[in-house]
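Asks: Curious how this folds, go ahead:
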Amino acid sequence: MSNVLAQNSEYAKVLKEVMKLRYEPVAIRLIREDEEFPEGYQEPAEQQSHCQSIFRAKNGQSFKMPLACHNCMVGASALNMVDTSEKIASGEFHAGIGMHDSPAAAAKMIADRKVVPFRSKGDVVC
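Replies: Residues are numbered from 1 along each chain as shown. Sure thing, here's the model as predicted:
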């Protein structure tokens, strides 16, 4: 494993230099339903969204995130951990919190987003 970590560290260094990144690159590994989570990662102390886990990872934290650790079902559905609820698919949710001007616009955004093409049970973010 140490060779993998050393190589990933070198890749991160190159990415940061070439792309002029302000933060460390973040890696995400989706865990398929029939796979086990890799060892060496802990679940976060409290539920968080996928977006929050990425922001924390850019500052050096890493997590294993089974579905039970996710508190945002929009992100969890994009990662194909759960089906997209009708409230999200219809646009009612995002329009209701003011992210879009109308339910139709919000529904189009959800319909147009890419969803992981296989079922996952979680992810590792580091």
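Asks: Contacts made by stretch 111-126 with the rest, please.
Replies: Residues outside stretch 111-126 that contact it (Cβ atoms under 8 Å, 6 or more residues apart in numbering): 26-33, 35, 37-38, 41, 50, 53-54, 56-57, 62-67, 69-70, 77-81, 84, 89. The C-beta positions use only the backbone N, C-alpha and C, and glycine is treated the same way.
Asks: Check those residues for burial and list the buried ones.
Replies: Among those, those scoring as buried are 26, 30-31, 37, 50, 53, 56-57, 62-66, 69-70, 77-81, 84 (criterion: 16 or more other Cβ atoms under 10 Å).
Asks: Among the residues you listed, name the ones in strands.
Replies: Mapping those onto strands (DSSP state E) picks out 30-31, 63-66.
Asks: could you dump those to JSON lines with pLDDT?
Replies: Formatted as JSON lines, these follow (pLDDT from 0 to 100):
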{"residue": "30", "pLDDT": "97"}
{"residue": "31", "pLDDT": "98"}
{"residue": "63", "pLDDT": "92"}
{"residue": "64", "pLDDT": "96"}
{"residue": "65", "pLDDT": "98"}
{"residue": "66", "pLDDT": "98"}
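Asks: Same list (the residues you listed) but as JSON lines, adding distance to residue 13.
Replies: Shown next, in JSON lines, are those (distance: Cβ to Cβ, whole Å):
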{"residue": "30", "distance to residue 13": "25"}
{"residue": "31", "distance to residue 13": "26"}
{"residue": "63", "distance to residue 13": "22"}
{"residue": "64", "distance to residue 13": "25"}
{"residue": "65", "distance to residue 13": "25"}
{"residue": "66", "distance to residue 13": "30"}
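Asks: Most widely separated two among those?
Replies: Using Cβ to Cβ, those reach their maximum pairwise distance at 30 and 63, which is 13.5 Å.
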